[in-house]
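> the following block contains a protein sequence and its predicted model.
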Amino acid sequence: MSAWTLKLTAFLVTGLATIGSAVYVTGHLKSSAAPLHPRVEAAPTGHLNLSPSVRSSGDQQPLSYTSVS
């Protein structure tokens, strides 16, 4: 197989896959008038409260590492 035949075959397969995918996607649209980004509702309080969710307890032993080969 010559190099040009291989390049042409790869080009045709890529083109057919692209066209086939485009036809499939346009045929299966849920709503063509839907916005790309939905609107975000504002939070009721308007404040974001961040707090750590991991808490340490004093009764745990420290971790020790040993090397295993």
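Everything's here; your move. Numbering: from 1, shown residues only.

> could you use CA atoms for every contact and neighbour count after this?
OK.

> and the gap between the most far-flung residue of the chain relative to its centre and Ser21?
Centroid-distance maximum for the chain: Asp59 at 40.9 Å, with Cα atoms, centre = their mean. Applying Cα to Cα, to the nearest Å, the value for Asp59 to Ser21 is 59 Å.

> helix or strand for the residue farthest from the centre of the chain, which one?
Using DSSP states H and E, Asp59 maps to neither a helix nor a strand.

> Thr9 versus that one, what's the distance?
Asp59 sits 68 Å away from Thr9, going by Cα to Cα.

> host element of Lys7?
Assigned by DSSP H and E, Lys7 falls within helix 3-27.

> list the buried residues in that helix.
By neighbour count with 16 or more other Cα atoms under 10 Å, helix 3-27 contains no buried residues.

> list the contacts of it.
For helix 3-27, there are no external contacting residues (Cα atoms under 8 Å, 6 or more residues apart in numbering).

> mind checking how far that helix is from the chain centre?
Going by Cα atoms, centre = their mean, to the nearest Å, the spacing between the C-alpha centre of helix 3-27 and its chain's C-alpha centre is 25 Å.

> now it: mean pLDDT?
The pLDDT scores in helix 3-27 average 94.

> and stretch 34-46, by the same measure?
Mean predicted lDDT for stretch 34-46 stands at 66.

> try stretch 60-69
For stretch 60-69, the per-residue pLDDT averages 75.
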